[in-house]
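>>> Everything below, folded, please.
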Amino acid sequence: MNIKVIFCTFLFLSVTIASCQKLYWKDATNWTLYRYQGHRLFKIPLDSLQSYDHLSLDQDSILAFMDSVQLLNPKGAVAWMGGYIATCKLNGIVRKVEFSNYGGFFFDEKTRTYYTLPSEKTEDWITYLQQQYLSLTRKQQ
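Just a heads-up that it's a prediction; the model follows:
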């Protein structure tokens, strides 16, 4: 067999397996919420977030929500009416995520994938995020 064919096959399989890995959000650490208001959540690059005020989120609180996150496969475009910017560390990689401020879902920029919390946790999740964001804004005044 041609060495190029073997190499290309190996490379294709490696990329496919890596992209299909299931993310276990309960394993994410170093959750940080950033102070940002506006409709450009998705346009702010990960490396510029350090210039925004931020607040570390409690690992135990986040774990209580993230232990049952599920993949969300929207049929159409997801409408955002605002949200929060956060980062975390998962599998050794810092990831930027956007949390919806009215629904129990979020978007992982690295994989360009939506995730959702179970409906029974949604209200508590939204309240938690609001409280943390208010705490962040008060801290900076």
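
>>> switch to C-alpha atoms for all contacts and neighbour counts from now on
OK.

>>> hey, which helix is longest across this protein?
In terms of residue count, the longest helix belonging to the chain (DSSP state H) is helix 119-139.

>>> Touching that helix from outside, list them.
With contact meaning Cα atoms under 8 Å, 6 or more residues apart in numbering, helix 119-139 is reached by 33, 35, 53, 54, 55, 57, 65, 101, 102, 103, 104.

>>> for the protein, which spans come out with low pLDDT?
The model of the chain has pLDDT under 70 over residues 1-22, 140-141.

>>> how about the helices in it?
With helices called from DSSP H, the chain shows them at 3-19, 59-66, 119-139.

>>> so the last one versus helix 59-66, what angle?
Okay, so that is helix 119-139. 150 degrees (axes from the mean of the first three to the mean of the last three Cα atoms, to 10 degrees).

>>> for helix 119-139, which positions count as buried?
Buried residues in helix 119-139, counted by 16 or more other Cα atoms under 10 Å: 122, 125, 126, 129, 130, 132, 133, 136, 137.

>>> and which of those residues is nearest to residue 116?
Residue 116 lies nearest to residue 122 out of those, by Cα to Cα, at 8.8 Å.

>>> For residue 24, see how far away the closest one is.
Distance from residue 122 to residue 24, counting by Cα to Cα, to the nearest Å: 19 Å.

>>> how much space between residue 135 and residue 69?
Residue 135 is 25 Å from residue 69, where distance means Cα to Cα.

>>> And for residue 115?
Taken as Cα to Cα, the span from residue 115 to residue 69 is 6 Å.

>>> again, but for residue 29
15 Å.

>>> Tell me who's in contact with the most centrally placed residue in the chain.
The chain has residue 97 as the residue nearest its centroid, 2.9 Å off, counting by Cα atoms, centre = their mean. For residue 97, the contact set (Cα under 8 Å, 6+ apart) comprises 85, 86, 87, 88, 106, 107, 108, 109.
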